[in-house]
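J.: Below are the sequence and a predicted model for it; my questions follow.
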Amino acid sequence: MRLLLAEDDYLLADGLSMVLRDGGYAIDVVGNGLDADAALTNGPYDLLILDLGLPKLDGIDVLKRMRARGQSLPVLVLTARDRLEDRVIGLDLGANDYITKPFELPELEARIRALLRKDQWSNLSEVSLGPLRFNTAVREATIGDEVLDLSGREVAVLDILLRRLGRIVSKEQLMDQLSSWDAEVTANAVGISVHRLRKKLEQHGLTIRAVRGLGYRIETSD
Ligand code: CA
């Protein structure tokens, strides 16, 4: 993940970039709006952290220009506490989230993670695993030309597992997420849906592995 940080406060920029590098991100830092605009024009970034009060070219204009070029990367705006109108303008112009200074670093990191996740998912109209393709818009699972016959709850379980591809989803997370679609969902009901979905996937070389005490992970069975 490659991030661009546009911030003219050198102390803040240094501190932030150090923490984010430690967090495993590649990060480039620019100290004014023109450099930010040039970096965005030339480099592929996954996220922009943008201070609005930048010299040479205002943060708002950096945002306007990149959106005008059709660049859809998520933007997290850094703003001073008393500049409410800036936040509103920023969000209107296509910023995805903002954080007011001073902020706690863990909060900033959490916002970054959330934006990167949201972006990955929303940019994908289809997620695939082995022979399985899942259309995230119509929430339909297909293998080759065949549409899998899944119940609403099975589709929901599949959706949740695929969103966390490669990671383990706990039973509690499944219960929480399913309860936003259905009414109350018990642990037992989750277990039954997982079991049914697994049976339907196994004939196609996919499985939902139960990781004892932790939860489930969807994967190819070989
Ligand atoms: Ca500034």
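T.: Arrived safely.

J.: what's around the closest residue to the ion within the chain, how many residues?
T.: Per CB to the ion, G53 is where the chain lies closest to the ion, at 3.6 Å. The C-beta positions use only the backbone N, C-alpha and C, and glycine is treated the same way. Here the count is done by other CB atoms under 10 Å, and G53 has 16 residues near it.

J.: Once you drop chain neighbours, what's closest to it?
T.: Nearest non-adjacent residue to G53, counting by CB to CB, 6 or more residues apart in numbering: G59, 6.6 Å away.

J.: Likewise for T186?
T.: Nearest-residue entry for T186: M175, 7.5 Å, with adjacent residues in sequence omitted and distances by CB to CB, 6+ apart.

J.: Which helix or strand contains the one you found?
T.: Using DSSP states H and E, M175 falls within helix 171-179.

J.: Tell me which residues of the helix or strand just after that helix come out buried.
T.: Downstream of helix 171-179, the next assigned helix or strand under DSSP H and E is helix 187-202. Using 16 or more other CB atoms under 10 Å as the burial criterion, the residues of helix 187-202 that qualify are V190, S193, V194, L197, R198, K200, L201.

J.: can you list these in a markdown table and add pLDDT?
T.: Listed next are these as a markdown table, based on pLDDT from 0 to 100:
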| residue | pLDDT |
| --- | --- |
| V190 | 89 |
| S193 | 93 |
| V194 | 95 |
| L197 | 96 |
| R198 | 96 |
| K200 | 95 |
| L201 | 95 |
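
J.: any chance of these in a markdown table, plus distance to A80?
T.: Below are the buried residues of helix 187-202 laid out as a markdown table (distance: CB to CB, whole Å):
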| residue | distance to A80 |
| --- | --- |
| V190 | 45 |
| S193 | 48 |
| V194 | 48 |
| L197 | 49 |
| R198 | 52 |
| K200 | 53 |
| L201 | 51 |
